[in-house]
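[1] coordinates for the following, if possible.
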Amino acid sequence: MRTAAVATAAAATKTLGNTRTHRSLAPVYVLLGLNALDVLTTHIGLQMGAVEANPVVSGLMGGLGESSAYLIKLGVVMIAAALIWKVGKPGALKWLNLAMAGIVTSNLIIFVQSFGG
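    The predicted model follows:
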């Protein structure tokens, strides 16, 4: 009887341990979504006469074109997000998401100001 109780407790502990190792992909999806919004709002802003503020992306746009720059940017973000998630640093993803939310918000503020709002 005692062996069955120990085996059950061990199985429960193992199950709890496994659920703790399964990290949510939600922060990765949020980061990708925010980057997609950044690309969209940047594209619209450029069409309205705004200038890309990120010097790396601006250089890529000048050398490779807007679409290629966006594809490279999103590729780098996807690889970085996957690596950060893989090494188990969810706090880093939260900070990146916060930064990207700020960038998208900044783009939206520029839109409102350009319409005289």
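[2] now the helices for this structure?
    With DSSP state H as the criterion, the chain has helices at 2-21, 26-47, 55-64, 66-86, 90-114.
[3] so which of the ones you listed is the most packed in?
    helix 26-47 (a mean of 17; mean count of other C-beta atoms under 10 Å). The way it works is simple: take the backbone N, C-alpha and C, and place the C-beta from them, glycine included.
[4] just checking, what packs against it?
    helix 66-86, helix 90-114 (3 or more C-beta pairs under 8 Å, 6 or more residues apart in numbering; DSSP states H and E).
[5] and the helices of the chain as CSV, adding mean pLDDT?
    Putting the helices of the chain into CSV (pLDDT from 0 to 100) gives the following:
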stretch, mean pLDDT
helix 2-21, 50
helix 26-47, 92
helix 55-64, 94
helix 66-86, 91
helix 90-114, 90
